[in-house]
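In: Pasting the sequence and the predicted coordinates here, then a few questions.
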Amino acid sequence: MIFNNLISAFIYLLCCYFLFWLGKLAYNLIHRDINVSDELVTKDNCAFALSLVGYYLGLVFAIGGVIVGESDGLLEDLIDIFIYGPIAIILMNVSTVVNDKLILYGFNNKKEIFKDQNAGTGAVELAVYLATGMIIFGSISGEGGGILTLLAFWVIGQVSLIIIGFAYNFITPYCIHEHIEKDNVAVGISYAGAIVGVANIVSHSISGDFSSWSESLITYAGYFILGIILLPLIRIYTDKILLPGKKLTDEIVNQEKPNLGAAFIDAFSYIGSSFLITWCI
């Protein structure tokens, strides 16, 4: 029995690496104007590296959604892997367009990543790719769903990320797009933390077995509204408890050299809180 399980695990792992390779191939085909090796090795482009790592992390989560859960038998599992895996890869790459046009809409992302090597933009792109992968993970995992539920929850997830962007920009006393374009990496890191934190809550709300649209949508709406409400509260908590005596806004935008440490603490507070919320509900 143990030997059979090991053989099955090895086959699943091979499938995962094959899907990951397909995802990398899809990225290279879509971004044929990008010389990945040149950006990473010759130019030492950290902004691009952050964006690419986000894509790879998102791919891992998306592929993981196909693998986890109860097995229906090796053949059935392999059929599911090679149906849902390529769809997940396509959705990951379509998310690039959503990010460029509707989430980081205040400037030219390509210019920021490749000409300015703006690590703040790279951090946000990392977060959006990771968030998309987490949402696909939640959409695929569990029993009772199908391709329609995957596509529907992916759309809902993308709309959620767009709304998070507007909500986060509203609660901060500065324009996040303006400061990210000015190469303020700290603003990008804080924003990235908020994106991943809310995406974790959304992913949790849609994961598990699918029973009905009404139940799933009500659960999603409840979690998402809770996440939006908690955004400003977590920021206040970070200001008062995690950075006592200092203003988060002053550390991130109102000094000559933005405080990356404060930004990491801010990002941590969103992501850490999202895990506590999902574990408590």
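Out: Looks like it arrived, so ask away.
In: after the biggest helix by length in the chain, next one along is what?
Out: For the chain, the longest helix by residue count, based on DSSP state H, is helix 2-30. Helices and strands here follow DSSP states H and E; after helix 2-30, the next one along the chain is helix 36-37.
In: The nearest residue to Ser8 once chain neighbours are set aside and Gly261: what is the separation?
Out: Spatial nearest neighbour of Ser8, excluding adjacent residues (C-beta to C-beta, 6 or more residues apart in numbering): Leu74 at 5.8 Å. Quick note: C-beta positions are derived from backbone N, CA and C, even for glycine. As judged by C-beta to C-beta, to the nearest Å, Leu74 and Gly261 stand 49 Å apart.
In: Repeat that for Val68.
Out: For Val68 relative to Gly261 (C-beta to C-beta), the value is 35 Å.
In: hang on, the earlier thing: report how many residues lie close to the residue nearest to Ser8.
Out: Leu74 is flanked by 13 other residues according to other C-beta atoms under 10 Å.
In: Touching, it and Ile11? I think so.
Out: Yes: counting by C-beta atoms under 8 Å, Ile11 is a contact partner of Leu74 at 6.9 Å.
In: Give me the buried positions along the helix or strand where Trp279 lies.
Out: Using DSSP H and E, Trp279 sits in helix 260-280. Within helix 260-280, the residues that count as buried by 16 or more other C-beta atoms under 10 Å are Leu260, Ala262, Ala263, Ile265, Asp266, Ala267, Ser269, Tyr270, Ile271, Ser273, Ser274, Ile277.
In: ok, and the closest non-adjacent residue to the first one?
Out: Right, the one you point to is Leu260. Looking at Leu260 with C-beta to C-beta, 6+ apart, the closest residue is Ala186, at 5.4 Å.
In: now do the fourth one
Out: Distances taken as C-beta to C-beta, 6+ apart place Leu242 nearest to Ile265, at 5.3 Å, with adjacent residues excluded.
In: Then the second one?
Out: Sequence neighbours aside, Glu251 is the residue nearest to Ala262 in space, at 3.7 Å (criterion: C-beta to C-beta, 6+ apart).
In: Near that neighbour, how many other residues are there?
Out: 21.
In: show me what contacts it?
Out: When contacts are counted by C-beta atoms under 8 Å, 6 or more residues apart in numbering, Glu251 touches Ala186, Leu243, Pro258, Asn259, Ala262, Ala263.
In: Would you agree the second one is in contact with Ala262?
Out: Spelled out, that is Leu243. Yes: between Leu243 and Ala262 a contact is recorded at 6.1 Å, counting by C-beta under 8 Å.
In: where does the chain dip in pLDDT?
Out: Across the chain, the ranges flagged by pLDDT under 70 are 1.
In: Helices of the stretch 1-150 of the chain, start to end?
Out: Applying DSSP state H, counting those that start in this stretch to the stretch 1-150 of the chain gives helices spanning 2-30, 36-37, 46-67, 74-98, 109-110, 119-140, 147-171.
In: centre of the chain versus stretch 151-162, how much separation?
Out: 12 Å (C-alpha atoms, centre = their mean, to the nearest Å).
In: what's in contact with that stretch?
Out: Under C-beta under 8 Å, 6+ apart, the answer for stretch 151-162 is 87, 91, 95, 98, 102-103, 128, 131-132, 135-136, 138-139, 195, 198-199, 202-203, 206, 220, 224.
In: what about burial for the residues you listed, which qualify?
Out: Among these, those scoring as buried are 87, 91, 95, 98, 103, 128, 131-132, 135-136, 138-139, 195, 198-199, 202-203, 206, 220, 224 (criterion: 16+ other C-beta under 10 Å).
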